[in-house]
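# Compute the structure for the input listed below.
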Amino acid sequence: MRAIRVASAALPAITALALSAPVAHAVVASNSVTSFGFSVVPSTVAAGGEVTLRVDNCNDDTRVSSGVFDPVTIPRGHSSATAKVDWDAKPGATYRVTFTCGGESGHTDLSIAIGRPSEPTQYPLPIQRGVHAGEGGSVAGFDLKEIGIGAALIAGSLTVAYHFSRRRTGDDNA
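As a prediction, the model looks like this:
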């Protein structure tokens with residue numbers, strides 16, 4: 001009986017741990033073999049979009065260059081940087097992105113999405129202040145009916161748990 005209680009307590013904990021583990025990120029996009037890893041995420045982007053340049057196992061500054069964005073340096077000790085793709089990048093084209101760490105270089109491809117990109121605006125954009133965090137999607141305010149039902153469910157579950165815990169200790173003494 002004790003094994004069932006231990007298993008029923010361990011199963012939700014193991015499930016929560018498994019679901020919260022970070023997902024492994026496979027780097028398949030590289031076209032050349034180097035002693036360090038590198039990638040461009042996403043590998044397909046619209047003109048004017050932003051890409052994340054990643055590097056692993058490089059003990060020097062990493063210089064990243066391409067014909068579609070300005071050169072970027074990933075400082076030693078860092079694993080990523082971002083680059084903004086030029087607005088005039090040709091849709092459907094593939095550009096080579098070169099990563100240089102120490103004296104070693106490797107390259108991968110970056111594709112430009114097909115479609116007409118929206119042109120950048122010539123006037124200043126309004127200041128963006130971010131999202132309204134913490135609202136939880138509740139716009140209408142408090143719903144007393146839902147709060148009452150929730151409180152009743154919590155009280156009921158606590159009452160049942162108390163009842164079974166008292167009953168169990170009474171059965172062990174008999």
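
# Tell me where the protein has strands.
In the chain, the segments counted as strands under DSSP state E are 37-41, 44-45, 50-56, 62-66, 69-74, 80-84, 94-101, 104-112.

# what would those look like in CSV with mean pLDDT and mean neighbour count?
Any C-beta I mention is one placed from the backbone N, CA and C, and that applies to glycine too. Converted to CSV, the strands of the chain look like this (pLDDT from 0 to 100; neighbours: other Cβ atoms under 10 Å):
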stretch, mean pLDDT, mean neighbour count
strand 37-41, 91, 21
strand 44-45, 91, 18
strand 50-56, 93, 19
strand 62-66, 93, 21
strand 69-74, 93, 16
strand 80-84, 93, 15
strand 94-101, 93, 20
strand 104-112, 91, 18
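
# Now do the helices in the protein.
2-20, 144-173 (DSSP state H).

# Make a markdown table out of the strands of the chain and add distance to Gly148.
Listed next are those as a markdown table, based on distance: least, Cβ to Cβ, whole Å:
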| stretch | distance to Gly148 |
| --- | --- |
| strand 37-41 | 47 |
| strand 44-45 | 50 |
| strand 50-56 | 47 |
| strand 62-66 | 58 |
| strand 69-74 | 55 |
| strand 80-84 | 48 |
| strand 94-101 | 58 |
| strand 104-112 | 55 |
